[in-house]
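Engineer: quick one: sequence plus predicted model below, questions after.
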Amino acid sequence: MTEASEALLLARTQFGLNIAFHILFPAINVALAWFLVYFRVRHLRSGDPQWLATYKLWVRIFALTFAMGVVSGITMSFQFGTNWPGYMLKVGNIAGPLLAYEVLTAFFLEATFLGVMLFGMNRVSPRVHLLATVMVGVGTALSAFWILALNSWMQTPAGHGYDAGQLIAEDWLQVIFNPSFPYRLVHMLLASGLTAAFLVAGLSAWRLLRAPQDAGAARTLRSGAFVAAVLTPLQIVAGDLHGLNTLEHQPAKIAAVEAIWHTQKGVPLVLFAIPDDARRRNDFAIEVPKLASLILRHDAEAELQGLDRFAPEHPPVAPLFFAFRGMVAIGVLMLALAWTAAWCLRRRAAVLPRPLLWGFAAFTFSGWIATLCGWLVTEIGRQPWLVTGILRTAEAAGGVREASLGASLTGYLLVYAVMLLAYMVVITHIAGEGAKA
């Protein structure tokens, strides 16, 4: 491996680490904000102080998560200039405005009303305070909208043109609502809903294991479990539709995900294998005949493009193959756990059996694992392109030497590990104390 290729790999790894760490926190807060709206509405309608105590507890977790998201997001913006100057140089006329829209319409909205939500409860009327909570929820959703519009455009660019050699937006509606954007937005919003639902249910279960009579924790566990039971099958449907859209616009990504090396008809679904990129084959494969063609084309004899159609450059197979199956496995376990809990709760169970409580406690951060697996599929599957058909990843890299990249990567890794551990310990401690009226 040459020095240039090592520097490129380190730059990609560093940015991947940054965005992987950052995405953990919006993945919670985009949906957790709407749990807060629900808790606040329940208090206003019932007057029950326990709902207000629940709201105050989860506001603390939301605020800490928001702060972690802001801090981790700042470092990514610096890397555009240091590690990836070619990105903004080439597509800045499109990426710059979309990022600016996110700040102007989403971040400012969140930050403004977050102050009212955190410190204004005794200074404004209850309805105004509820409005502030709603506006924070709207802000988080808008933030996801703009970031996913940019990311989707990078995957399936549309609405652009060239003027004097510069890439420009010719139709902003096509840029924003590019072919993969609706599917990607729905998939991510549902992923956030599941991440927040299992966080709420998991931390509530942890509290109930310590204090079985905590009525507030039982309520929030019920809320998280029912939301998860509803959203999990919706996510499975949305994921299937997203996959069909990806097959249409990014067939090389699907070929890598399914480890299809050669174009053929009646393609089997590979349940497990060890993909060998060097020999272009699957070792120790466990397959279901013709099922991949049936799922992706709704025809068991349909032809699917293999990676041979995209040689010599296509995404690496093993990371996509295993990440996708990890995401699916987590989703299946989420469905089983959520539906089992919902069935028990529908039978008027006051408290879930302890094995189910332990199950939810173990799955507290399961949404993070599924989200990161999906992110790996999305981003690695785009390679070797940074913006499909427009800008290769290698063309956007800067001239930072590998020694500097290695040192900064090590620093990021150590700091992020400490921050993540501290965050998980703190929110577990907050939830473990329970809501105090």
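Structural biologist: Here it is on my side, so go on. Since the model is a prediction, treat every value here as computed from it, not as a measurement.
Engineer: the closest residue to Val317 other than its chain neighbours pairs with what?
Structural biologist: Leaving aside its chain neighbours, Val317 sits nearest to Pro275 (4.2 Å; criterion: CB to CB, 6 or more residues apart in numbering). In short, each C-beta sits where N, CA and C put it, glycine included. Taking DSSP bridges as the rule, Pro275 bridges to Asn282.
Engineer: make sure Pro275 is actually in contact with Ala323.
Structural biologist: No - using CB atoms under 8 Å, Pro275 is not in contact with Ala323, being 12.0 Å away.
Engineer: gap between the residue nearest to Val317 and His262?
Structural biologist: Using CB to CB, to the nearest Å, Pro275 is found at 13 Å from His262.
Engineer: those two - which one has more neighbours?
Structural biologist: Ranked by neighbour count (other CB atoms under 10 Å), Pro275 and His262 place Pro275 first, with 21 against 14.
Engineer: check contacts around the more buried one.
Structural biologist: Ala259, Arg281, Asn282, Asp283, Val317, Ala318, Phe321 (CB atoms under 8 Å, 6 or more residues apart in numbering).
Engineer: mind checking pLDDT for the fourth one?
Structural biologist: Looking back up the chat, that one is Asp283. In this model, Asp283 is scored at 86, pLDDT.
Engineer: so what's the residue count around it?
Structural biologist: The tally of other residues near Asp283 (other CB under 10 Å) stands at 9.
Engineer: nearest residue to it in space, please, no chain neighbours.
Structural biologist: Using CB to CB, 6+ apart and skipping residues adjacent in sequence, the residue nearest Asp283 is Ile274, 4.5 Å away.
Engineer: let me see the ranges of the helices in the stretch 201-350 of the chain.
Structural biologist: Assigned by DSSP state H, counting those that start in this stretch, the stretch 201-350 of the chain shows helices spanning 215-249, 251-257, 291-297, 317-346.
Engineer: wait, which of these is closest to His22?
Structural biologist: helix 317-346 (18.0 Å; CB to CB).
Engineer: now that closest one against helix 215-249, angle please.
Structural biologist: 140 degrees (axes from the mean of the first three to the mean of the last three CA atoms, to 10 degrees).
Engineer: let me see the mean pLDDT of helix 317-346.
Structural biologist: Here helix 317-346 scores 92 as its mean pLDDT.
Engineer: what's the answer for stretch 150-162, then?
Structural biologist: 92.
Engineer: I'd like the distance from that stretch to the chain centre, please.
Structural biologist: Chain-centre distance of stretch 150-162: 20 Å, with CA atoms, centre = their mean, to the nearest Å.
Engineer: please compute how far stretch 260-272 lies from its chain's middle.
Structural biologist: Put simply, stretch 260-272 sits 28 Å off its chain's centre (CA atoms, centre = their mean).
Engineer: what's the answer for stretch 250-264, then?
Structural biologist: 23 Å.
Engineer: got the buried residues for it?
Structural biologist: Using 16 or more other CB atoms under 10 Å as the test for burial, stretch 250-264 gives Gln250, Pro251, Ala252, Lys253, Ile254, Ala255, Ala256, Val257, Glu258, Ala259, Ile260, Trp261.
Engineer: relative to Ala95, which of these is nearest.
Structural biologist: Nearest to Ala95 among the buried residues of stretch 250-264 is Gln250, at 19.3 Å by CB to CB.
Engineer: the closest one: what's it in contact with?
Structural biologist: Going by CB under 8 Å, 6+ apart, Gln250 touches Gln155, Thr156, Ser180, Gly381, Arg382, Thr388.
Engineer: rerun at 10 Å
Structural biologist: By CB atoms under 10 Å, 6 or more residues apart in numbering, the residues touching Gln250 are Gln155, Thr156, Pro179, Ser180, Ala256, Val257, Pro315, Thr378, Gly381, Arg382, Trp385, Thr388.
Engineer: try Ala149
Structural biologist: For Ala149, the contact set (CB under 10 Å, 6+ apart) comprises Leu98, Tyr101, Glu102, Trp172, Val175, Ile176, Phe177, Asn178, Phe181, Arg184, Leu185.
Engineer: what does Ala336 give?
Structural biologist: Thr232, Gly359.
Engineer: tell me how far it lies from Val71.
Structural biologist: The span separating Ala336 from Val71 equals 36 Å under the rule CB to CB.
Engineer: Ala211 contacts Lys436, correct?
Structural biologist: No - using CB atoms under 10 Å, Ala211 is not in contact with Lys436; the gap is 11.9 Å.
Engineer: those two - which one has more neighbours?
Structural biologist: Between Ala211 and Lys436, counting by other CB under 10 Å, Ala211 is the more crowded of the two (14 against 9).
Engineer: relative to Trp58, how far out is that one?
Structural biologist: To Trp58, Ala211 is 17 Å away according to CB to CB.
Engineer: returning to that earlier point: adding pLDDT, write the buried residues of stretch 250-264 out as JSON lines.
Structural biologist: Below are the buried residues of stretch 250-264 laid out as JSON lines (pLDDT from 0 to 100):
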{"residue": "Gln250", "pLDDT": "91"}
{"residue": "Pro251", "pLDDT": "91"}
{"residue": "Ala252", "pLDDT": "91"}
{"residue": "Lys253", "pLDDT": "93"}
{"residue": "Ile254", "pLDDT": "91"}
{"residue": "Ala255", "pLDDT": "90"}
{"residue": "Ala256", "pLDDT": "91"}
{"residue": "Val257", "pLDDT": "90"}
{"residue": "Glu258", "pLDDT": "90"}
{"residue": "Ala259", "pLDDT": "88"}
{"residue": "Ile260", "pLDDT": "89"}
{"residue": "Trp261", "pLDDT": "88"}
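Engineer: I am finished for the moment; much appreciated.
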